[in-house]
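S.K.: got a predicted structure plus its sequence, pasted below:
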Amino acid sequence: MKQAKALAAFSGGLDGMLASKILIDQGIYVEAITFDSPFFDVTAGKKAALALNIPWRAVDFTVDIVNLLFSPPSGFGKNMNPCIDCHATMFKRLKELAVAEGFDFIFSGEVVGQRPMSQNRSALNRVKNISEAGDFLLRPLSAKLLPATLMEENGLVDREKLLDISGRGRKRQLAMAKDFSFSLVPSPGGGCLLTDPGYAKRLRTLRDAELLTGENARMIKLGRMFLLDEAVGLVGRNSAENQEMLVTKEGIQLDIQEVPGPLGILLGKVTQENLVLLTSIMASYTKADKPVIALSNDGRSISADIIDCDKRAKYSVF
């Protein structure tokens, strides 16, 4: 009998590792995919796949998730996280890859009730329907709490060896990890920046200013952020951030001369007014006691007074 092949949506969390192990122990060939974007680091996925000794790759998800941030059909969570539509889009892409590459089904480590909004039964069904994955999608950790899928009915997967985990607790998963002698047991936590309140505020500002792109979303992880006229300004908080800003190709870089100070980057509308204002804000984080001059990476020389803290606060985002 031909060995069944399954493709995993794999963030690198414990649940995904357990779901993979359960299928591997049934003799199913498993490969893992972690979706890469400005909001999610694939390193955990790579480490977890290595611990399981299964093939792994990253797939760029930037365009998909950025498009969803403008108007997700299922709405947002508490912050800028369109979890239901994000999961559905991932599964849709995963199914397309699986079909093209000869896999028999896709699966995830989702658990019924683990996340009240995005993993309740209704949300799981909605994800399955929007993604058009249907019976091609298996959730091994909660399979016995859900209707049997085609791969279970046709014998590709032994339903009796699947699980009925539900809720937010991790005791059962941790016990299983111990039984399996996992060398790596990831700590809980989504790892998605879209759920972070501070970053979400920055991202919402970027979107509302019509400046949301994948690269700009990466850039606003750095520095202090200020809302200007159809633009945002970033001001480095320390030497490490200044160094990261130096290597970017995004926006207009500003570097204050003669006195030590932060690096600045202007994203969006490039006007003299915005350049001067950003230079003034940068100067307020130096020990300068007179107007400063900043040089830009496109050859401009900007002279600006030092803005006072109260006025600076009016432009501050976070």
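M.R.: Alright, I've got the coordinates. Owing to the predicted nature of the structure, the values given are computational and were not obtained by experimental measurement. Numbering: from 1, shown residues only.

S.K.: now D36: phi and psi?
M.R.: Main-chain torsions, D36, degrees, to the nearest 10: phi -100, psi 140.

S.K.: what's around it, how many residues?
M.R.: By other CB atoms under 10 Å, the residues close to D36 number 17. C-beta coordinates here come from the backbone N, C-alpha and C atoms, glycine included.

S.K.: my read: it touches V42, true?
M.R.: Yes - D36 is within contact range of V42, at 4.8 Å (criterion: CB atoms under 8 Å).

S.K.: shared neighbours of those two, anything?
M.R.: Common contacts of D36 and V42 (CB atoms under 8 Å, 6 or more residues apart in numbering): A58.

S.K.: thought L222 was touching E244?
M.R.: Yes - applying CB under 8 Å as the test, L222 and E244 come out as touching, 5.7 Å apart.

S.K.: more neighbours, those two?
M.R.: Counted by other CB under 10 Å, L222 and E244 do not tie: L222 has more neighbours, with 19 against 16.

S.K.: show me what contacts the nearest residue to that one once chain neighbours are set aside?
M.R.: Residue nearest to L222 in three dimensions, not counting chain neighbours: E241, with 5.0 Å by CB to CB, 6 or more residues apart in numbering. Applying CB under 8 Å, 6+ apart, one finds that E241 lies in contact with L222, G223, P262, L263.

S.K.: just the buried members of these?
M.R.: Among the contacts of E241, those buried by neighbour count (16 or more other CB atoms under 10 Å) are L222, G223, P262, L263.

S.K.: residue ranges in the stretch 101-250 of the chain under the pLDDT threshold?
M.R.: For the stretch 101-250 of the chain, applying pLDDT under 70 flags the ranges 116, 189-190.

S.K.: biggest helix in the chain by residues?
M.R.: Counting by DSSP state H, the longest helix found in the chain is helix 83-100.

S.K.: so A200 is in which element?
M.R.: helix 197-208 (DSSP states H and E).

S.K.: may I have that helix as CSV, with CA atoms only?
M.R.: The C-alpha trace of helix 197-208 is given here as CSV (Å, rounded to 0.1, in the frame of the first residue of the first chain):
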residue,chain,number,x,y,z
PRO,A,197,-1.0,46.0,21.2
GLY,A,198,2.0,48.4,20.8
TYR,A,199,2.9,47.1,17.4
ALA,A,200,-0.7,46.9,16.3
LYS,A,201,-1.1,50.7,17.1
ARG,A,202,1.9,51.4,14.8
LEU,A,203,0.6,49.2,12.1
ARG,A,204,-2.9,50.7,12.2
THR,A,205,-1.3,54.2,11.9
LEU,A,206,0.7,53.0,8.9
ARG,A,207,-2.4,51.5,7.2
ASP,A,208,-4.6,54.6,7.9
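
S.K.: L263 contacts I252, doesn't it?
M.R.: No - using CB under 8 Å, L263 makes no contact with I252, being 11.3 Å away.

S.K.: show me where this protein has helices.
M.R.: Taking DSSP H as the test, the helices found in the chain are 14-24, 43-52, 62-68, 83-100, 121-131, 150-153, 171-179, 197-208, 214-219, 239-247, 272-283, 309-315.

S.K.: deepest of the ones you listed, which one?
M.R.: Across the helices of the chain, the average number of neighbours (mean count of other CB atoms under 10 Å) peaks for helix 14-24, which reaches a mean of 23.

S.K.: how far is it from where the chain is centred?
M.R.: Here the centre of helix 14-24 is set off from its chain's centre by 22 Å, with CA atoms, centre = their mean, to the nearest Å.

S.K.: quick one: list the elements packing against it.
M.R.: strand 5-9, strand 29-36, helix 43-52, helix 171-179 (3 or more CB pairs under 8 Å, 6 or more residues apart in numbering; DSSP states H and E).

S.K.: mind redoing it with 10 Å?
M.R.: Judged by 3 or more CB pairs under 10 Å, 6 or more residues apart in numbering; DSSP states H and E, the packing partners of helix 14-24 are strand 5-9, strand 29-36, helix 43-52, strand 105-107, helix 171-179.

S.K.: cool, thanks, signing off.
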